[in-house]
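Asks: next one to model:
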Amino acid sequence: MNAAAAVGHILRTLPAAALATFLALFPIVNPFGGIPLFFALTASFTPEERNREAMKTAAYVFAILAVFMLFGRFVLSFFGISLPVLKIAGGLIVANTAWGMVTGSSRITSAARRGNHQGRFLANPDGDAHAFRTGLHRRRHGSSGPRR
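Replies: This next block holds a predicted model:
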């Protein structure tokens with residue numbers, strides 16, 4: 001196959017591959033479910049800061065997806081993982097997550113229930129995102145964060 005034929009083949013198959021990738025990733029990423037969390041975590045941000053954080057997040061996600069699109073097979077082969085095994089493992093993770101959502105089981109550890117989370121968890125036992133917001137506030141302002 002010459003270079004022109006290879007480029008032509010890529011250009012013919014790229015739209016279908018891009019659509020299949022989007023349809024596979026969209027329900028897993030769940031952007032509609034992330035919107036309320038993003039606004040809760042950036043409640044103290046100005047609109048400019050919120051837009052900047054959103055753009056940085058989008059750029060990071062795009063970069064990670066692009067790197068793994070280009071070099072993912074090399075990483076898998078380096079570790080000796082085949083693509084079918086990865087698909088099975090991913091399916092089991094999605095099934096486990098779905099089962100947890102259907103049964104309503106909690107993933108909070110016993111230490112988090114006792115309140116010994118020290119800002120490491122996204123949500124505290126009361127269900128708000130104060131510990132995570134405090135970490136964001138410290139990162140932005142170098143202070144101890146908002147007081148409750």
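Asks: pLDDT below threshold where in the protein?
Replies: 105-148 (pLDDT under 70).
Asks: quick one: distance of stretch 4-16 to the chain centre.
Replies: 30 Å (CA atoms, centre = their mean, to the nearest Å).
Asks: and residue 50, how far from residue 61?
Replies: Using CB to CB, to the nearest Å, one gets 17 Å for the distance from residue 50 to residue 61. In short, each C-beta sits where N, CA and C put it, glycine included.
Asks: can you show me the helices along this structure?
Replies: Using DSSP state H, the helices found in the chain span residues 3-29, 31-41, 47-79, 83-103, 110-114, 130-141.
Asks: in terms of neighbours, single out the busier of residue 50 and residue 61.
Replies: Shown here are residue 50 and residue 61; by other CB atoms under 10 Å, residue 50 has more neighbours (16 against 12).
Asks: contacts only, for that one.
Replies: If you count contacts by CB atoms under 8 Å, 6 or more residues apart in numbering, residue 50 has them with residue 42.
Asks: mind doing that once more with 10 Å?
Replies: Counting by CB atoms under 10 Å, 6 or more residues apart in numbering, residue 50 touches 38-39, 41-44.
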